[in-house]
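K.L.:
Generate a structure from the sequence data that follows.
(2 chains)
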Protein chains: 2
Amino acid sequence: MKNYKINNGVILSFRDGDIVTEARTIYVREGKITFSPFGEDESYETVDASRRLIMPGLVNMHTHAYMTMMRNYADDVPFQEWLFNRVMPVEDNLPKEAAYWTSMLGYLEMISTGTTCFVDMHMYHRQPPLAAKDAGIRAYFGRGLVGDDLCKDGYSRYSEALEEKKEFESDTLNFILAPHAIYTCSPRLLQQVAEAAKEHGMLKEIHLSESLTEVEDCLKNHGKTPVQLLSDLGFLDEETILAHCVQMRDNDLDILKNSGASVVTNVASNAKLGNGIAPISQMKEKGINVCVGTDGAASNNTLNMFREMGLLSLMHKAHTRDCLAIPSDYIVKAATFNASRALKNPAIGNITEGAAADLIFIDLDAPSLFPNNNLSSALCYSANGSEVDSVMINGRFVMRKRELLTIDKERVYYEVGKIVDTNL
Amino acid sequence: MKNYKINNGVILSFRDGDIVTEARTIYVREGKITFSPFGEDESYETVDASRRLIMPGLVNMHTHAYMTMMRNYADDVPFQEWLFNRVMPVEDNLPKEAAYWTSMLGYLEMISTGTTCFVDMHMYHRQPPLAAKDAGIRAYFGRGLVGDDLCKDGYSRYSEALEEKKEFESDTLNFILAPHAIYTCSPRLLQQVAEAAKEHGMLKEIHLSESLTEVEDCLKNHGKTPVQLLSDLGFLDEETILAHCVQMRDNDLDILKNSGASVVTNVASNAKLGNGIAPISQMKEKGINVCVGTDGAASNNTLNMFREMGLLSLMHKAHTRDCLAIPSDYIVKAATFNASRALKNPAIGNITEGAAADLIFIDLDAPSLFPNNNLSSALCYSANGSEVDSVMINGRFVMRKRELLTIDKERVYYEVGKIVDTNL
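P.N.:
Coordinates of the predicted model:
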């Protein structure tokens, strides 16, 4: 494993929860960040980071990377048409092996735009983690779970989830339990998942209160909101990641706050499918841990976290007519630092002594960023993702000066092209 | 002037108002598009546009390019603080000559992200058009007008507007009359501008109904909405461009529709300053000619039209909870074709026989666009602007394979850097 001395850069990190930017040399030893210079007997490469901002890699806290093949495939159609007639038939017929390449296409886009870690809810046993291992990207995988009983109809997927964990768990690949939603999983199964997560020491993730229909149906069927339902089932705790949380009612936000669960907002997807705008300002007020996700490319239609960061602020400022809503510092933190708390992984989301070297290098001379009046503003309001020049994950460069080092783009395009021709 | 044969590209144009994409060879003769091959005696260069989408250049219908030096300079502050304590003191003290470089910085970003033409309301006599001439970018300039009487306190700026027209008007540089707003111009001055515009055959542009305060004050002072006020003054006609139109009341939309005026929506700026969301869905229903603008970088904070296009759709889909609102075809047209109508210039906004060769080449192999399931969706929902590979304006390449050919980026950065150091 190569060591690096990174010179002349501007470092963005979090200290006591606040953003600090400073000129500082950092060292990468055995994949980890340190501020101690190398000894004379240590070998390392010196990286000149002049005119580069170095920050913790972005963490895409909710996506379905295999869907990237369906980018721009079914837009401006009603939600039911989108899901049942366009997306699901493709998913149902996609050969499992295809998901290796369609996931890799997503990893390629994520790395290109500065994402070093993501949480993926997937449907295709083994293929997404296999591709992530080859790409060298950090990930948390959750095989989507559905059904009535984890020991019966839910068992095959659950056992696959545990098999994936056993086969692939490593420094960079992690595994979680990911029941799909309250309308595809029975209360019993959700309770079983909560128990299984404790037993195996796994985090859990679920789609929650994404659409008005979900909330209305839940109120009708259970007499309570989806949040209250999960709370009553013992599902909500600090090891829980809740994707969406758009339609909040009654005491939902207080329940979330008290549970310690983290929320992942997916602004573009919620907008594009007509689900609305999550109440992030109120979550911010309550101190709920908010993270950022892109959702899948079939509903976004990009896995570019920089677009998501800008959208998050602009959408809320417009909706609340409050130009102070959701400031840029909050957003930069949500896309990096907050993921560390949600994932119970202190090694990511910051540049500190001993943290994993998940670093992105941003070109401060990009036309979108110059002049560099305020770096946090720049990341949120003017960056478009193309300013990411180099990406290091766990101490290894996966992109350098825009060149992808672990992914063969032409091969990925060739394979995905064939899959698209056959399946879309 | 060089001629070009452009081979192997996919051409996006508008036919009977609809988007058509097709493989087609196009020719550029004397700065104009033609579909007739060159004769044996004509010299030309062959351009291989394989895996490129070629479309009409984007038209940024409302900006203040000189403000680009204030990018990311005053964000997440209350509007009054932003305008009166941060932006205006800088503008007031900026030496006129500085506006050459600060405008050029804006042109650099616009060209890099596929804008070939823009409408600029500016404050610094001669400098913005001088820079545009050097950059080779197409533009419509309006020296901002304010005051009580065009013949008295408004005269110096008005005469500067006419002087600029006289000095710089050309194939690519055009001049309009740009009274700032109803709260900085008297009704008399607005009427005088309307008459002067007719006399000189000039278009006119104004900021209108941007904030709630503007509308409330107008109702209080004039007993009518800003739209009704302008209508009663004889200001609204087909030669009028109205920036913002966020806060629409009463019959405003019908008045706009009947006048034939064009609206420029500035989604990011309206969001960021807390002004809200313009009712574009209703404008669309009524058939009002809607165009797209970025506003200045001090309130956006980028001049990237691709971000604006995506925002326009996502913001309205989220706000109306209607996933069918403002589809991508509408947006692609608003950012190109509709500008032709607003600017009374049939030579721009489309790829047709005899049109000006304002063309952008988009890399279909960019990670954000692959696979190319739907090109209109791609431009609106997944492009971030960095996919623009080459830009031609009036038959001349100003960017080729990402290399700027008319702007010396290092010189611009050096000069703007000095200006920022002294003035911010």
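K.L.:
and the nearest residue to A:Asp250 once chain neighbours are set aside, how many neighbours?
P.N.:
Nearest residue to A:Asp250, sequence neighbours excluded (CB to CB, 6 or more residues apart in numbering or on different chains): A:Thr225, at 5.9 Å. Using the backbone N, CA and C atoms, a C-beta is placed for each residue, glycine as well. A:Thr225 has 23 neighbours, counted by other CB atoms under 10 Å in any protein chain shown.
K.L.:
if I look at A:Thr225, how far off is A:Ser231?
P.N.:
9 Å (CB to CB, to the nearest Å).
K.L.:
Check for me that A:Trp62 belongs to a strand.
P.N.:
No Trp there; residue A:62 is His. Yes. Judged by DSSP: H, G, I helix; E, B strand; the rest coil, A:His62 forms part of a strand.
K.L.:
Hmm, A:Gly293 and it touching each other?
P.N.:
Yes. Checked against CB atoms under 8 Å, the pair A:His62 and A:Gly293 is within contact range at 3.0 Å.
K.L.:
The residue nearest to A:Asp250 is in contact with A:Leu208, isn't it?
P.N.:
No. Look at A:Thr225 against A:Leu208 with CB under 8 Å: they stay out of range, at 9.7 Å.
K.L.:
Okay, A:Ala342 and chain B: tell me how far apart.
P.N.:
Applying CB to the nearest CB, to the nearest Å, the value for A:Ala342 to chain B is 24 Å.
K.L.:
Over to A:Ser211?
P.N.:
Counting by CB to the nearest CB, the gap from A:Ser211 to chain B is 10 Å.
K.L.:
Could you pull up the contacting residues of that residue?
P.N.:
Applying CB atoms under 8 Å, 6 or more residues apart in numbering or on different chains to A:Ser211 gives the contacts A:Phe79, A:Val246, A:Gln247, A:Leu273, A:Asn275.
K.L.:
do that again at 10 Å, thanks
P.N.:
When contacts are counted by CB atoms under 10 Å, 6 or more residues apart in numbering or on different chains, A:Ser211 touches A:79, A:181, A:183, A:217, A:244, A:246-247, A:270, A:273-276, B:321.
K.L.:
do the same with A:Met248
P.N.:
With CB under 10 Å, 6+ apart, A:Met248 has these contacts: A:208-209, A:215, A:225-227, A:255-256, A:263, A:278-279, A:282-283.
K.L.:
same thing but at 7 Å, please
P.N.:
Shown in contact with A:Met248 (CB atoms under 7 Å, 6 or more residues apart in numbering or on different chains): A:Ser209, A:Pro279.
K.L.:
where does it land on pLDDT?
P.N.:
As predicted, A:Met248 sits at a pLDDT of 98.
K.L.:
How about the secondary structure of it?
P.N.:
Secondary structure of A:Met248, per three-state DSSP, is coil.
K.L.:
Check the gap between it and B:Glu160 for me.
P.N.:
Noted for A:Met248: a distance of 54 Å to B:Glu160, by CB to CB.
K.L.:
and what of A:Tyr124?
P.N.:
65 Å.
K.L.:
Name the residue in the two with the higher neighbour count.
P.N.:
Taking other CB under 10 Å, A:Tyr124 and B:Glu160 do not tie; A:Tyr124 has more neighbours (21 against 17).
K.L.:
Would you agree A:Gln228 falls within a helix?
P.N.:
Yes. Under three-state DSSP, A:Gln228 sits within a helix.
K.L.:
how about the closest residue to it other than its chain neighbours, phi and psi?
P.N.:
Sequence neighbours aside, A:Ile255 is the residue nearest to A:Gln228 in space, at 6.4 Å (criterion: CB to CB, 6+ apart). A:Ile255 adopts backbone torsions of phi -60, psi -50, taken as degrees, to the nearest 10.
K.L.:
A:Ile255: what's it in contact with?
P.N.:
A:Val227, A:Gln228, A:Ser231.
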